[in-house]
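1. Based on what follows, work out the 3D shape:
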Amino acid sequence: MVGTRKGGFVLTSDAKRKDWKVDGPHFAGWEIYHMKGSPVDPDRIYASQTSAWFGQIIQRSGDGGKTWETPGSSPEDLKGPDGMPKGESNMFVYDGIPGTHMWYDGTQHPWEFKRVWHLEPAFDNADHVYAGVEDAALFESKDGGKSWSELSGLRQHDTGPKWQPGAGGMCLHTILIDPKNSKRIFIAISAAGAFRTDDGGKSWKPINHGLHSQYIPDPHAEVGHCVHRIAMHPSKPNTLFMQKHWDVMRSDDGGDSWREVSGNLPSDFGFPIDVHAHEPDTIYVVPIKSDSEHYPPDGKLRVFRSRKGGNEWEELTKGLPQKDCYVNVLRDAMSVDSIDPCGIYFGTTGGQVYASRNSGDSWEPIVRDLPAVLSVEAQTLK
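-> Next up is the predicted model:
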């Protein structure tokens, strides 16, 4: 599932993952920030469809992306942030109604709803899904996206007024659900940092101890760090990996403390990070030259793999352009499948989607010349 600046695409292959069919664009001309399938029902896909002119729509498919429906047909179906009148505070905007909504927390701090960055279907049923939005807030739907409620404990955290937008906005872009404990959820916000709830979203704890950010007034502050992405393996939910705005980090205590594992990377700046499906200590990153030059170092597109959970990295280049390549790989644009050997996928702002059928040893483009890729998600169909 590939979200792009000008529509969504569904790429399918047989079990060998060699010959691919490209279906799309769905919602042509719209920004599709994220598409993701349910772990309960792989035919259920959610998509974030957004436009600066028409607002935000959530789309849902029940047949693997062949057909789509808008779960909520009216703003009256939706629940907004706490304390706002129904119908005037809606998070998602339907029927082409333009919408950028402002609301205020208890300190009269203005919050603006702009778009949905990330959709995370839950493990219990296909109708249960979370949404991370800009400005940073977390929402939940238990009826397949028809209605939404804010998990307001996050936005009302004491540190909330100190959160600031990163270059891409103040976005909640990562949602990780502990598969062993559904009430334990990790999220990441640019540029506030990482947070964890252990009670299903009622209360939240900043988990940024050990992060160091030179570009903020207090480099070791409780919040204010620009976290680009966090990842974990479902078998080891206490071990988290982070790609930060500079630095690749690791935590082995559920985010309570972090240590740097950038090791011998050519640059520790980047956006995505992901974990091998069958090897919990094998991780992947795509280094970018710097925070002002968003392209691969030396114009060589390289994925780096560590089989030891960080520090020692090997470059993976076979099949990737090693000359005059100046694309970027965004935070949600890398994914892995569950087949053995593990498949690794990533998309670029140049419109290519690359795949590896052998855990990164070699790569091939499975589609070229799409609009700029915003997100990539892989799902194995049984």
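2. Give the next helix or strand downstream of the lowest-mean-pLDDT helix or strand in the chain.
-> Ranked by mean pLDDT, DSSP states H and E, the weakest helix or strand in the chain is strand 101-104, scoring a mean of 53. Per DSSP states H and E, strand 101-104 leads on to strand 110-113 as the next helix or strand towards the C-terminus.
3. And the strands in the stretch 101-250 of the chain, which stretches?
-> Ranges of strands in the stretch 101-250 of the chain, per DSSP state E, counting those that start in this stretch, are 101-104, 110-113, 115-121, 129-134, 137-141, 149-150, 171-177, 185-190, 193-197, 205-206, 227-232, 240-244, 248-251.
4. Show me where this structure has its helices.
-> Counting by DSSP state H, the chain has helices at residues 152-155.
5. any weak-confidence spans in it?
-> Applying pLDDT under 70 to the chain flags residues 73-109.
6. how about 50 then?
-> 74-100 (pLDDT under 50).
7. Output the strands of the stretch 101-250 of the chain as CSV; include the columns mean neighbour count and distance to residue 6.
-> C-beta here means a position set from N, CA and C on the backbone, and glycine is covered the same way. Listed next are those as CSV, based on neighbours: other Cβ atoms under 10 Å; distance: least, Cβ to Cβ, whole Å:
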stretch, mean neighbour count, distance to residue 6
strand 101-104, 16, 25
strand 110-113, 16, 23
strand 115-121, 24, 15
strand 129-134, 25, 20
strand 137-141, 24, 26
strand 149-150, 20, 30
strand 171-177, 24, 20
strand 185-190, 27, 23
strand 193-197, 23, 31
strand 205-206, 18, 37
strand 227-232, 24, 23
strand 240-244, 27, 26
strand 248-251, 24, 31
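8. Residue 71 against residue 60, yeah?
-> Yes - contact criterion Cβ atoms under 8 Å: residue 71 and residue 60 qualify, at 5.1 Å.
9. would JSON lines of the strands of the stretch 101-250 of the chain with distance to residue 22 be doable?
-> Formatted as JSON lines, these follow (distance: least, Cβ to Cβ, whole Å):
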{"stretch": "strand 101-104", "distance to residue 22": "35"}
{"stretch": "strand 110-113", "distance to residue 22": "32"}
{"stretch": "strand 115-121", "distance to residue 22": "22"}
{"stretch": "strand 129-134", "distance to residue 22": "26"}
{"stretch": "strand 137-141", "distance to residue 22": "29"}
{"stretch": "strand 149-150", "distance to residue 22": "36"}
{"stretch": "strand 171-177", "distance to residue 22": "26"}
{"stretch": "strand 185-190", "distance to residue 22": "31"}
{"stretch": "strand 193-197", "distance to residue 22": "35"}
{"stretch": "strand 205-206", "distance to residue 22": "42"}
{"stretch": "strand 227-232", "distance to residue 22": "26"}
{"stretch": "strand 240-244", "distance to residue 22": "28"}
{"stretch": "strand 248-251", "distance to residue 22": "32"}
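10. before we move on, back to that, can you pull the residues that touch both of residue 71 and residue 60?
-> 144-145 (Cβ atoms under 8 Å, 6 or more residues apart in numbering).
11. separation between the residue lying closest to residue 165 once chain neighbours are set aside and residue 213?
-> Distances taken as Cβ to Cβ, 6 or more residues apart in numbering place residue 191 nearest to residue 165, at 6.5 Å, with adjacent residues excluded. Per Cβ to Cβ, to the nearest Å, residue 191 is found 9 Å from residue 213.
12. higher neighbour count, the two?
-> Between residue 191 and residue 213, counted using other Cβ atoms under 10 Å, the more crowded position is residue 191 (24 against 21).
13. show me the contacts for that one.
-> 163-166, 170, 224-227, 245.
14. do residue 223 as well
-> With Cβ under 8 Å, 6+ apart as the criterion, the residues that contact residue 223 are 159, 162-163, 192-193, 206, 208.
15. run the last query once more with 6 Å
-> Listed by Cβ atoms under 6 Å, 6 or more residues apart in numbering, the contact set of residue 223 reads 159, 162, 192-193, 206.
16. How about residue 37?
-> 45, 379.
17. beta partners of it?
-> residue 45 (DSSP bridges).
18. so how far is residue 192 from residue 154?
-> From residue 154 to residue 192 the distance is 10 Å (Cβ to Cβ).
19. okay, these two: which has more neighbours?
-> Using other Cβ under 10 Å as the criterion, residue 154 and residue 192 rank with residue 192 on top: 30 against 23.
20. ok, and the closest non-adjacent residue to the more buried one?
-> residue 163 (4.0 Å).
21. before we move on, what about residue 275?
-> Counting by Cβ to Cβ, 6+ apart, residue 275 lies nearest to residue 233, which is 4.6 Å off, once chain neighbours are set aside.
22. and that neighbour, backbone torsions?
-> phi -90, psi 140 (degrees, to the nearest 10).
23. what about it, neighbour count?
-> As a burial measure, residue 233 scores 22 neighbours (other Cβ under 10 Å).
24. how far away is it from residue 250?
-> Counting by Cβ to Cβ, the gap from residue 233 to residue 250 is 12 Å.
25. Provide the contact partners of stretch 247-261 at residue level.
-> 194, 196, 207, 209-211, 238-242, 262, 268, 310-311.
26. can we see that at 8 Å?
-> Against stretch 247-261 from outside (Cβ under 8 Å, 6+ apart): 184, 186, 194, 196, 207-212, 237-242, 262-263, 265, 268, 270, 273, 285, 306, 309-311.
27. Just the buried residues of it, please?
-> Residues 247-251, 254-255, 258, 260-261 are the ones in stretch 247-261 that count as buried (16 or more other Cβ atoms under 10 Å).
28. ok, the residues you listed vs residue 315, which is closest?
-> residue 248 (14.4 Å; Cβ to Cβ).
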